[in-house]
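Kindly return the folded structure for what I paste below:
(chains A and B)
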2 protein chains.
Amino acid sequence: MPTNRRFLLQRRPQGDPVAEDFALVEAPTPDLADGQFLIRNHYASLDPAMRGWMDDADSYMPPIPLGTPVRASTIGVVEASRADGFTPGQWVMGLNAIEEYSVGTVGGFTQPIDPAAVPSITNYLSLFGAVGMTAYFGLFEVCEPKPGETVLVTGAAGAVGSIVGQLAKIHGCRTVGIAGGADKCARLTDRYGFDAAIDYRGKDEAALTAAIAQAAPDGVDVIFENVGGIILDAGLMNLNMGARVGLCGLISEYNSTAPVGARNLWRLIVKRASIRGLLVMDFVARFGEGAAQMGQWAAQGKLVVDEHVDEGIDNAYPAFMRLFAGSNQGKMILKLA
Amino acid sequence: MPTNRRFLLQRRPQGDPVAEDFALVEAPTPDLADGQFLIRNHYASLDPAMRGWMDDADSYMPPIPLGTPVRASTIGVVEASRADGFTPGQWVMGLNAIEEYSVGTVGGFTQPIDPAAVPSITNYLSLFGAVGMTAYFGLFEVCEPKPGETVLVTGAAGAVGSIVGQLAKIHGCRTVGIAGGADKCARLTDRYGFDAAIDYRGKDEAALTAAIAQAAPDGVDVIFENVGGIILDAGLMNLNMGARVGLCGLISEYNSTAPVGARNLWRLIVKRASIRGLLVMDFVARFGEGAAQMGQWAAQGKLVVDEHVDEGIDNAYPAFMRLFAGSNQGKMILKLA
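Next up is the predicted model:
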């Protein structure tokens, strides 16, 4: 019987997660009950939202219980099954955890996936996973950009942001991306086709506000917000009348014990603008539609997707922390097998 | 020729306005050109929004130029006219300034009003003015409450908030109001019919959050926000799924040189909720509709409106500052004649 290495949440992080908040342990591979199947996880998705799941907060999912493995979307292969519709050798994707083996249940979140339908099986964690669907439905359904409008994307070099920028461009919008560092900014324009890129490093709110004004001389009609703090505040200063802010994430605040907050909400009054929270779960029933459309654009070469794969469950902690340091280049994935 | 006493903005306030930011001066009564008429102002409306007009900020109106009288809605009587449609003795309302005499122009914002149509001519600055219309259209058009939902009103004892609470109640909502002090809270329940009142004084964000949870056990579906800061943050912690926050004002932040900001925007994601800025100017074309409906409710005794009238242009500064101290009881009006 193989053992199951599991990456546990041992303690709720205070501010920045530290290595001691987690523990890598070995456990027996679980037994299966009727209706269950054993998944050998090959890839785990690492996402900023997981930081929120580590807090003891009332949210859209219960907190990860202490002493259990860190919840994550995974891709794996069914290794054993006592469940109809799941057979050994079959690829599956589901909301599981950072561990070598997970147990799936019929009627749960784990679903079969087709490796022949995608260039790489990992695309189910990027373009065809929550990340891609967040970009697609968040932009088109929540932000409702019109061709010719200017779309500002924060965290633009990240997994979601890089797709949002490309989708907005395909839609006929002017796109401005904000990211940290010259390399990422070059990637925004050269690889993701942003019309302009702004490096937030070394800029205070006033400098960011001026940089956005320069990059978006006609003002900003849509913000796809992944960051929060002074980056959001600077965006708010550049809104056009009736602008829409789709609030996808606030990564700059997640590890902060004293969040900066949004101090320029008064701009919403001046510009009769709105901020709307978005969560990909609301669009699950329409994932097929989003995947089909994005698959087509990807096949036409209009949409590139980058994945940053770190190897080994031993590296779960440093790989996760890349998200906050911004040292990943593309969708962060941990290879487990 | 009478002189014209005018309450000038002499200096842009830094934080709390101080008396020295203003000056009361005497000027000659202005001469009229063709198409103009002279208004003897009887009442000036004092509103929190005027604080924003004093800043040198890009907003929905240009800043009040230094050395000119403080912009305000006024009610007055035409004293002389070189304009068709405006005759001496006629009551008019318009966006003028805190001064004894203003000059109106045909085609400008000043319009005739009918004193016979209202219990008190001052009602044109409260129920039938920007305040009442802000409450009516802000609540019904921007917040879209449904009967049975819970509506939280902040600044609930204020001019707009007290009307919003009554309108929500008429609409069949549960209403919770937040105000400062026991007297105001008693007024919320006893006079404006709120189902529950919360005194924000002495409460930190956690205590406010708990107090709202207790007063709104089914959660909050709509916030009509006039205050901002920790009061907004506490409201955000109590949102229901799909909740709507209508952002009318942020009075707690207007005089702050270091605004608190909103630190709980992440709740918008969790609850797929939205914050939308609202400004009454957008509904000018529908004021007749709003006035007719509210006039009917008022005549039926379903809607009470309080006005707090201070006398004399000499008192313009202390009367204005009541808005921030919360020492007014109802719509703040300055009597000029």
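
From residue B:336, how far out is residue A:244?
Noted for residue A:244: a distance of 42 Å to residue B:336, by Cβ to Cβ, to the nearest Å. Yep, even glycine has a C-beta here, placed from its N, CA and C like the rest.

Same question for residue A:105.
Computed as Cβ to Cβ, the residue A:105 to residue B:336 distance reads 74 Å.

Kindly report the same for residue A:300.
Distance, residue A:300 to residue B:336, by Cβ to Cβ: 69 Å.

Compare these two (neighbour count), which wins?
residue B:336 (22 against 9; other Cβ atoms under 10 Å in any protein chain shown).

Let's see the pLDDT reported for the closest residue to residue A:268 other than its chain neighbours.
Counting by Cβ to Cβ, 6 or more residues apart in numbering or on different chains, residue A:268 lies nearest to residue B:277, which is 3.2 Å off, once chain neighbours are set aside. Listed pLDDT for residue B:277 reads 98.

Can you report how many residues lie near residue B:277?
26.

ok, it touching residue B:247?
Yes. Between residue B:277 and residue B:247 there is a contact under Cβ atoms under 8 Å: 4.8 Å.

wait, doesn't residue A:98 sit right on residue A:334?
Yes. Residue A:98 lies in contact with residue A:334 (Cβ under 8 Å); the separation is 6.8 Å.

Quickly list what's touching both of those two.
Common neighbours of residue A:98 and residue A:334, using Cβ atoms under 8 Å, 6 or more residues apart in numbering or on different chains, are A:44, A:313, A:316.

In terms of distance to chain B, which of the residues you listed ranks first?
Closest to chain B out of these is residue A:44 (22.2 Å), distances taken as Cβ to the nearest Cβ.

Please, which helix or strand holds that closest one?
Using DSSP states H and E, residue A:44 falls within strand A:36-45.

Strand partners (parallel or antiparallel) of that strand?
Strand A:36-45 has the following strand partners under DSSP bridges: strand A:71-81 (antiparallel), strand A:101-105 (antiparallel), strand A:331-335 (antiparallel).

Using CSV, lay out those together with mean neighbour count and mean pLDDT.
Listed next are the strands paired with strand A:36-45 as CSV, based on neighbours: other Cβ atoms under 10 Å in any protein chain shown; pLDDT from 0 to 100:
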stretch, mean neighbour count, mean pLDDT
strand A:71-81, 22, 97
strand A:101-105, 21, 95
strand A:331-335, 24, 97
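
what's downstream of the helix-or-strand element of chain A with minimal mean pLDDT, the next helix or strand?
In chain A, no helix or strand scores lower on mean pLDDT, DSSP states H and E than helix A:251-254, which sits at a mean of 86. Following helix A:251-254 in sequence order, the next helix or strand is helix A:266-270 (DSSP H and E).

mean confidence for that next one?
When pLDDT is averaged along helix A:266-270, the result is 96.

And it, how far out from the chain middle?
Put simply, helix A:266-270 sits 29 Å off its chain's centre (Cα atoms, centre = their mean, to the nearest Å).

Check which helices and strands it is in contact with.
Packing partners of helix A:266-270 (3 or more Cβ pairs under 8 Å, 6 or more residues apart in numbering or on different chains; DSSP states H and E): strand B:274-277.

buried sites along the strand it packs on?
In terms of neighbour count (16 or more other Cβ atoms under 10 Å in any protein chain shown), strand B:274-277 has its buried residues at B:274, B:275, B:276, B:277.

okay, now residue A:242: neighbour count?
12.

Tell me the spacing between it and residue A:334.
Residue A:242 is 41 Å from residue A:334, by Cβ to Cβ.

same check, this time on residue A:71
Taking Cβ to Cβ, one finds residue A:71 at 13 Å from residue A:334.

Please apply the same query to residue A:326.
Residue A:326 is 17 Å from residue A:334, by Cβ to Cβ.

repeat for residue A:87
In this view, residue A:87 and residue A:334 are 26 Å apart by Cβ to Cβ.

same thing with residue A:182?
27 Å.

remind me which residues of the stretch 201-337 of chain A are low pLDDT?
Counting by pLDDT under 70, not a single residue of the stretch 201-337 of chain A qualifies.

can you map out the strands along it?
Here the stretch 201-337 of chain A has its strands, by DSSP state E, counting those that start in this stretch, at A:220-225, A:239-247, A:274-277, A:307-311, A:331-335.

As a markdown table, those strands with distance to residue A:201 would be great.
Formatted as a markdown table, these follow (distance: least, Cβ to Cβ, whole Å):
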| stretch | distance to residue A:201 |
| --- | --- |
| strand A:220-225 | 18 |
| strand A:239-247 | 23 |
| strand A:274-277 | 25 |
| strand A:307-311 | 20 |
| strand A:331-335 | 20 |
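
Now for residue B:277 and residue B:247: what residues contact both?
Common neighbours of residue B:277 and residue B:247, using Cβ under 8 Å, 6+ apart, are A:265, A:268, A:269.

wait, which of the residues you listed is closest to residue A:118?
residue A:268 (40.1 Å; Cβ to Cβ).

For that closest one, which residues are in contact?
Going by Cβ under 8 Å, 6+ apart, residue A:268 touches A:236, A:239, A:274, A:275, B:247, B:275, B:276, B:277.

now, among those residues, which is nearest to residue A:24?
Distances from residue A:24 to these, taken by Cβ to Cβ, are shortest for residue A:275, at 39.1 Å.

which parts of the stretch 201-337 of chain A sit against chain B?
Residues of the stretch 201-337 of chain A lying close to chain B by Cβ under 8 Å from any Cβ of the partner chain are A:228, A:247-250, A:253, A:259-263, A:265-279, A:282.

go with 7 Å
A:228, A:247, A:250, A:259-263, A:265-266, A:268-279, A:282 (Cβ under 7 Å from any Cβ of the partner chain).

Residue A:6: which element?
Going by DSSP H and E, residue A:6 is in strand A:3-9.

now that strand against strand A:71-81, angle please.
160 degrees (axes from the mean of the first three to the mean of the last three Cα atoms, to 10 degrees).

Using CSV, write down the CA coordinates of the helix or strand following strand A:3-9.
Using DSSP H and E, the next helix or strand after strand A:3-9 towards the C-terminus is strand A:22-28. Taking Å, rounded to 0.1, in the frame of the first residue of the first chain, the C-alpha atoms of strand A:22-28 are listed here in CSV:
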residue,chain,number,x,y,z
PHE,A,22,1.9,24.0,7.3
ALA,A,23,3.2,20.4,7.7
LEU,A,24,4.0,17.7,5.2
VAL,A,25,2.9,14.3,6.6
GLU,A,26,2.6,10.8,5.5
ALA,A,27,-0.7,8.9,6.0
PRO,A,28,-2.0,5.6,4.8
